[in-house]
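**Q** Please find the sequence and the predicted model below.
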Amino acid sequence: MIESAHTRTVDSEAKAVVAWRRQQLSAAGFDTPTAEALARNPGVDLHALLDLVDKACPPPLAARILAPLEEAIEVA
């Protein structure tokens, strides 16, 4: 399959979004493996996670509270 410029742009933008989400989560106190898993999961509401942490909820607990029911996210 020949990769088009559009496909490369979409892939690049998706990687940039994941990197930004990972950076936001790391800055909020999530450990690296958890930040990576959460950043890659589009079903995770980043803003809700950060709101919980801003309200003094520990990052691992925030991740468990907002984890999609159909997918368990491992937290340290």
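**A** All right, it came through fine.
**Q** And the residue nearest to residue 40 when sequence neighbours are not counted, how far from residue 41?
**A** Leaving out its chain neighbours, the residue that sits closest to residue 40 by CB to CB, 6 or more residues apart in numbering is residue 18, at 5.6 Å. Glycine gets a C-beta too; all of them are placed from N, C-alpha and C. Separation of residue 18 from residue 41 (CB to CB, to the nearest Å): 10 Å.
**Q** Low-confidence bits of this structure, can you list those?
**A** Filtered on pLDDT under 70, the chain yields the residue ranges 1-7, 69-76.
**Q** The residue nearest to residue 40 contacts residue 39, correct?
**A** Yes: assessed by CB atoms under 8 Å, residue 18 is found in contact with residue 39 at 5.0 Å.
**Q** Tell me which of the two has more neighbours.
**A** residue 39 (21 against 15; other CB atoms under 10 Å).
**Q** Going by neighbour count, list what's buried in the helix or strand in which that one is found.
**A** Using DSSP states H and E, residue 39 maps to helix 32-40. Buried residues in helix 32-40, counting neighbours by 16 or more other CB atoms under 10 Å, are found at 34-39.
**Q** Ok, stretch 57-70 next?
**A** 57, 59, 62-63, 66-67.
**Q** Dump these into TSV; add distance to residue 26 and secondary structure as well.
**A** Formatted as TSV, the buried residues of stretch 57-70 follow (distance: CB to CB, whole Å; DSSP: H, G, I helix; E, B strand; the rest coil):
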residue	distance to residue 26	secondary structure
57	17	coil
59	10	helix
62	14	helix
63	13	helix
66	17	helix
67	18	coil
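**Q** Between the residues you listed, which sits nearest residue 24?
**A** Residue 24 lies nearest to residue 59 out of the buried residues of stretch 57-70, by CB to CB, at 11.7 Å.
**Q** gap between the closest one and residue 13?
**A** When residue 59 is compared with residue 13 (using CB to CB), they lie 26 Å apart.
**Q** and what of residue 48?
**A** 23 Å.
**Q** now residue 43
**A** As judged by CB to CB, residue 43 and residue 13 stand 19 Å apart.
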